[in-house]
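Peer 1: Predicted model, plus sequence, below.
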Amino acid sequence: MGSHVKWAIAPMISCLLVANLAGAQENQAQSADAALSQRLRVIEEQMAEIQQAREDEELQNLRQAAETSAATAGGEAEVLEERTYITASRSLQALNPEISLSGDFLAQFIMSDELRGYASANDRSSMPLRALDLHIQSTLDPFSFTKMALGYIPGEGVDIEELYITWAGIIPRSTLTVGRFRQSFGVLNRWHEHDLDQTGYPMVIEEILGGGLTGNGVSLGWLMPPLLAHTNHLTIEIADGDNEELFAGEAFSVPTVMAHLKNFYDLSDDTYLELGFSGLYGFNNRRGFEDPAAPGTLLSEDDWRPTWVVGADLTLNWSPLRQARYRSFLWRSEGMWASKEIDSGTEQGWGLYSYIQYQMSAAWFTGLRADLVRPIGDDGDPLLWQLVAYLTFWQSEFVYLRLEAQHGELADLGHDTRILFQINWAAGPHKHEKY
């Protein structure tokens, strides 16, 4: 009997203990809620006091301002706050133009057919400083900016390569440039020599364009509405005809007219294509030039002799988004044809180049270029050609080094092979910009 009572009482005791424990926890929770409510009431009272003090302070300030205003209106002199003025002369440096210097060192070893070590008296194996360039650019105001490029070539002196002012935004979707500039015929003619992917310009620019088109005049660039492309840009330029290869040189009288249409195609996230067309028109008859046989006598050629140059260019660029710093591939080609009327008839010439370039890493580039040219008026002479292979180490945006090998048939030099080593450096904000 005692055993049965013991087993019956045990569960009852357990239930009582659990109930007491639950009651204790409920009492603790109620106490915590009461404490939290009390704390919230205290915080609300403090916030109300702060708000009331702030309102009292604002009201007091308004009263003081009203009293001061009334006293001033009644004839009392207003006491001005003493201030200290500091000049902003140090901010004047923002008006200074950006100045850059670039040096171009080009060592070459030339091998002619006779292995003399040089090709001509002015083109021999050497290690010269090829050029020293001074670039100055500045934003003049929110509507215009200016650029100037001065080039010094040892033995030839200083030349003003470019000096122009550009207005942007005055005409919707357009830019207007006035001054001296490298013209926008094709792609590479616009670039300075130190910005090229090889050590020099392709043969077609040297032979057909006379080393490049640079003129004094006016250039209008218009970002057109898309027409059969993702982006279309039209450039129209009117410049002097002082190019001796195509026009009248220093004896020019009629300006030239040039147009370039660039079409941009975004093929994918990694690849784009540019297709351009160029046209140039002018006259090569000289007017008001000095007679070599009679110094001081001016002559004029009355026959209007036009010169035409047309060209097309193509650029394909691949640069993967996730590896754009380390990998890229470029294929660029350009061709042009020229027709020039002279006293005895019409002379024609044509030429083209094409090159590929592959980026192997963040700093290493390699490429191969092929040139083919028929100079103006050299119908009976053999075609000129050249192969150029190069390896470029892009140390930084300020310095690059290039090793290049050239082989081909050149004008006045014949069969020519040479090895070149280039070091180019730039100090200042200009760096090596391709535009």
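Peer 2: Thanks, I have the structure now.
Peer 1: the strands in the stretch 1-150 of the chain, which residues?
Peer 2: Assigned by DSSP state E, counting those that start in this stretch, the stretch 1-150 of the chain shows strands spanning 98-111, 118-120, 123-124, 129-141, 144-153.
Peer 1: Tell me how many other residues crowd Thr231.
Peer 2: Using other C-beta atoms under 10 Å, Thr231 has 16 other residues around it. All C-beta atoms are positioned from the backbone trio N, CA, C, and that covers glycine.
Peer 1: Please read the previous query as pertaining to Glu58.
Peer 2: For Glu58, using other C-beta under 10 Å, the count is 10.
Peer 1: Specify the beta-bridge partners of Ala312.
Peer 2: On the basis of DSSP bridges, Ala312 is bridged to Phe277, Gly335.
Peer 1: burial measure for the spatially closest residue to Thr139 that is not a sequence neighbour, as a count.
Peer 2: Using C-beta to C-beta, 6 or more residues apart in numbering and skipping the chain neighbours, the partner closest in space to Thr139 is Phe145 (4.6 Å). Here the count is done by other C-beta under 10 Å, and Phe145 has 16 residues near it.
Peer 1: which residues does Phe145 contact?
Peer 2: Residues near Phe145 by C-beta atoms under 8 Å, 6 or more residues apart in numbering: 137-139, 165-166, 168.
Peer 1: can you check Arg327 too?
Peer 2: Contact analysis of Arg327 by C-beta under 8 Å, 6+ apart lists 319-320, 359.
Peer 1: where in this protein is pLDDT low?
Peer 2: 1-33, 69-94, 112-122, 413, 430-435 (pLDDT under 70).
Peer 1: which parts of stretch 142-156 are buried?
Peer 2: Using 16 or more other C-beta atoms under 10 Å as the test for burial, stretch 142-156 gives 144-149, 151.
Peer 1: need the residues you listed in TSV with distance to Ala370, can you?
Peer 2: Below are these laid out as TSV (distance: C-beta to C-beta, whole Å):
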residue	distance to Ala370
Ser144	41
Phe145	38
Thr146	38
Lys147	33
Met148	35
Ala149	29
Gly151	28
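Peer 1: And the residues you listed, which two are furthest apart?
Peer 2: Ser144 and Gly151 (24.0 Å; C-beta to C-beta).
Peer 1: thinking Ser328 is in contact with Trp318, fair?
Peer 2: Yes: between Ser328 and Trp318 a contact is recorded at 6.5 Å, counting by C-beta atoms under 8 Å.
Peer 1: Number of residues surrounding Asp416?
Peer 2: Asp416: 19 surrounding residues under other C-beta under 10 Å.
Peer 1: What residues are bridge-paired with it?
Peer 2: Gly408.
Peer 1: I'd guessed it sits against Gln406; true?
Peer 2: Yes: here Asp416 reaches Gln406: they are 7.3 Å apart, a contact under C-beta under 8 Å.
Peer 1: tell me the secondary structure for Asp381?
Peer 2: With DSSP: H, G, I helix; E, B strand; the rest coil as the basis, Asp381 sits in coil.
Peer 1: For stretch 352-362, buried residues please.
Peer 2: 352-355, 357, 359.
Peer 1: How about stretch 333-351?
Peer 2: By neighbour count on 16+ other C-beta under 10 Å, the buried set for stretch 333-351 is 333-338, 340-341, 347, 349-351.
Peer 1: Equivalent analysis for stretch 41-59, please.
Peer 2: Per 16+ other C-beta under 10 Å, stretch 41-59 contains no buried residues.
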